[in-house]
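> Sequence plus predicted model, see below.
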Amino acid sequence: MTALDLSRCQFAFTIAFHIIFPAITIGLASYLAILEASWLRTRQSVYLDLYYFWSKIFALNFGMGVVSGLVMAYQFGTNWSRFSEFAGSITGPLLAYEVLTAFFLEAGFLGVMLFGWTRVGPSLHFFSTVMVALGTLISATWIIASNSWMQTPQGYQILEGRAVPTDWLRVIFNPSFPYRLAHMSVAAFLATALVVGASAAWHLLRGNHQPAVRKMLSMSLWLLVILAPLQMIIGDLHGLNTLEYQPAKLAAMEGHWENSGDGEPLILFGLPDMEREETRFALAVPRLGSLILTHSWTGRLPELKQFAPRDRPNAAVVFWSFRVMVGIGFLMIALGLWSVWLRRGGRLWHCRPFLHVLLWMGPSGLVALLAGWFTTEIGRQPWTVYGVLRTADSVSSHGVTQLSLTLLLFVLVYGAVFGMGIVYMLRLIRLGPESNTLEEAKG
């Protein structure tokens with residue numbers, strides 16, 4: 001492997017670890033706000049029990065997200081210094097805005113949210129919870145704005161070899177920004193809903209039918225029923241945006257090498273072969289590709305062959321990561337419909353096959369999120385800033401030995417530190433919610 005390959009692997013490893021924790025943090029923060037609002041409205045202790053239970057897991061995720069995010073940010077300077085030199089005038093301020101508007105907001109109210117139940121009134125405590133939830137969404141907004149600019153850059157000019165912003169509104173609200181923000185936010189909520197639902201399923205399978213367990217199962221499944229179909233719609237709109245602005249990525253996602261001229265098929269499965277320039281063993285549905293992507297039976301799709309080999313992403317990886325994401329999305333929709341059917345018969349809490357499936361699908365939201373991220377980032381290659389700056393021109397001048405040793409060190413340290421954090425989080429989930437815990441603390 002070259003130094004470029006190792007730098008990409010190192011950044012991919014750190015960001016794959018990092019993205020898991022903010023996703024759960026975003027989902028849990030909003031979940032906690034809903035729980036506290038429900039308690040203020042109904043005064044039912046079950047909502048307080050769930051709040052206390054999930055606030056501990058939220059705090060652990062928040063801490064691990066901050067630590068992993070710091071390491072990732074430093075890599076822009078250590079491994080991608082040429083990219084930072086070229087685009088730092090744009091990405092630097094966007095990340096600074098994230099700290100000033102989101103992280104400070106979260107940090108300012110986090111202490112009140114976690115430790116202020118006996119020190120402030122209910123209204124102020126609820127306001128603190130809402131501010132933390134809002135801070136997580138603002139944080140995601142700035143991060144997605146920075147990444148989306150790298151995908152669909154606009155509002156800049158190149159002066160003396162550097163990208164200089166000329167219109168910040170166009171930089172932030174670039175063509176792919178709204179679709180990526182919506183897609184990522186809903187993905188975070190879905191991943192959290194499945195984690196919460198799987199936790200409830202685990203307890204129900206072991207005979208723990210206390211009201212808090214049933215309530216968190218019910219709430220998580222309603223969220224799944226609503227958001228999983230919505231995510232498919234957002235994904236379709238995002239795909240149309242990709243068709244317009246990143247045609248090479250879309251061609252790789254579809255494994256589409258050349259047009260037939262009479263409506264293009266949708267390839268369900270196959271093995272894209274970069275050397276032979278074809279998708280081998282393709283199982284395809286005639287004309288469906290044109291219908292989905294162009295809303296026409298005879299629409300033409302981008303062809304991988306129309307791009308020079310050096311300008312093509314790795315079609316094999318992008319093709320399959322995209323299908324993993326979409327496949328899990330269909331499973332989410334099916335699971336949500338199954339839950340609605342069980343509710344009508346009053347069997348939601350007792351159908352063991354359903355609870356087993358939900359338990360095993362607990363991590364699937366995070367898997368889908370990572371698969372979508374791989375599709376986005378690998379599909380952008382060979383560009384760091386799409387169509388403007390190549391990845392090969394963005395990397396720092398490090399040797400293979402240095403990068404190999406640091407990558408190994410990252411794997412060992414991350415495996416130890418975050419492995420222990422994840423094990424501890426699973427132990428907290430295993431304990432389950434306790435009754436009247438916060439009521440007793442409040443006196």
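Perfect, thanks for sending it. Numbers count the residues shown, from 1 in each chain.

> Output the below-cut-off pLDDT ranges for the stretch 1-150 of the chain.
Of all residues in the stretch 1-150 of the chain, none has pLDDT under 70.

> quick one, helices of it?
3-42, 45-78, 81-98, 104-115, 122-151 (DSSP state H, counting those that start in this stretch).

> For those, give me CSV that also has distance to I234 and mean neighbour count.
From N, CA and C alone the C-beta is placed, and that goes for glycine too. CSV is the format used below for these (distance: least, CB to CB, whole Å; neighbours: other CB atoms under 10 Å):
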stretch, distance to I234, mean neighbour count
helix 3-42, 16, 20
helix 45-78, 24, 19
helix 81-98, 23, 18
helix 104-115, 25, 17
helix 122-151, 13, 20
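
> Present the ones you listed as TSV; the columns should include distance to A193.
Shown next, in TSV, are the helices of the stretch 1-150 of the chain (distance: least, CB to CB, whole Å):
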stretch	distance to A193
helix 3-42	7
helix 45-78	12
helix 81-98	25
helix 104-115	21
helix 122-151	15
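
> Which of those helices sits closest to L335?
Closest to L335 of those is helix 3-42 (CB to CB; 16.8 Å).

> from the chain's centre, how far out does the closest one sit?
Chain-centre distance of helix 3-42: 7 Å, with CA atoms, centre = their mean, to the nearest Å.

> circling back to that earlier point, closest to S404 out of the helices of the stretch 1-150 of the chain?
Judging the helices of the stretch 1-150 of the chain by CB to CB, what sits closest to S404 is helix 3-42, at 6.2 Å.

> Determine the set of other helices and strands touching the closest one.
Secondary-structure packing of helix 3-42 (3 or more CB pairs under 8 Å, 6 or more residues apart in numbering; DSSP states H and E): helix 45-78, helix 122-151, helix 177-205, helix 364-380, helix 400-431.

> Now with 10 Å, please.
For helix 3-42, the packing partners by 3 or more CB pairs under 10 Å, 6 or more residues apart in numbering; DSSP states H and E come out as helix 45-78, helix 104-115, helix 122-151, helix 177-205, helix 211-245, helix 364-380, helix 400-431.

> okay, the angle between the fourth one and helix 400-431?
The reference is to helix 177-205. Comparing the axes of helix 177-205 and helix 400-431 via axes from the mean of the first three to the mean of the last three CA atoms, to 10 degrees yields an angle of 50 degrees.

> Give me the average confidence score over helix 177-205.
Throughout helix 177-205, pLDDT has a mean value of 93.

> and that helix, what does it pack onto?
helix 3-42, helix 45-78, helix 122-151, helix 211-245, helix 315-344, helix 352-360, helix 364-380, helix 400-431.

> For that helix, list every residue counted as buried.
For helix 177-205, the neighbour count (16 or more other CB atoms under 10 Å) marks 177-204 as buried.

> and if you look at the last one?
Neighbour-count burial for helix 400-431, counted by 16+ other CB under 10 Å, picks out L403, T406, L407, F410, Y414, F418, G421, M425, I429.

> Need these in JSON lines (columns: pLDDT).
JSON lines is the format used below for the buried residues of helix 400-431 (pLDDT from 0 to 100):
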{"residue": "L403", "pLDDT": "85"}
{"residue": "T406", "pLDDT": "86"}
{"residue": "L407", "pLDDT": "86"}
{"residue": "F410", "pLDDT": "86"}
{"residue": "Y414", "pLDDT": "84"}
{"residue": "F418", "pLDDT": "83"}
{"residue": "G421", "pLDDT": "83"}
{"residue": "M425", "pLDDT": "86"}
{"residue": "I429", "pLDDT": "86"}
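
> Any idea which residue is closest to the centre of the chain?
Nearest to the mean C-alpha position of the chain, by CA atoms, centre = their mean, lies L369 at 4.2 Å.

> got a list of what that residue touches?
For L369, the contacting residues are 16, 19-20, 23-24, 183-184, 187-188, 190-191, 325, 328, by CB atoms under 10 Å, 6 or more residues apart in numbering.

> ok, A87 to R162 distance?
Note on A87: its distance to R162, by CB to CB, to the nearest Å, is 8 Å.

> One more: S396?
17 Å.

> What of S220?
S220 is 47 Å from R162, by CB to CB.

> For those two, indicate the residue with more neighbours.
S220 (25 against 14; other CB atoms under 10 Å).
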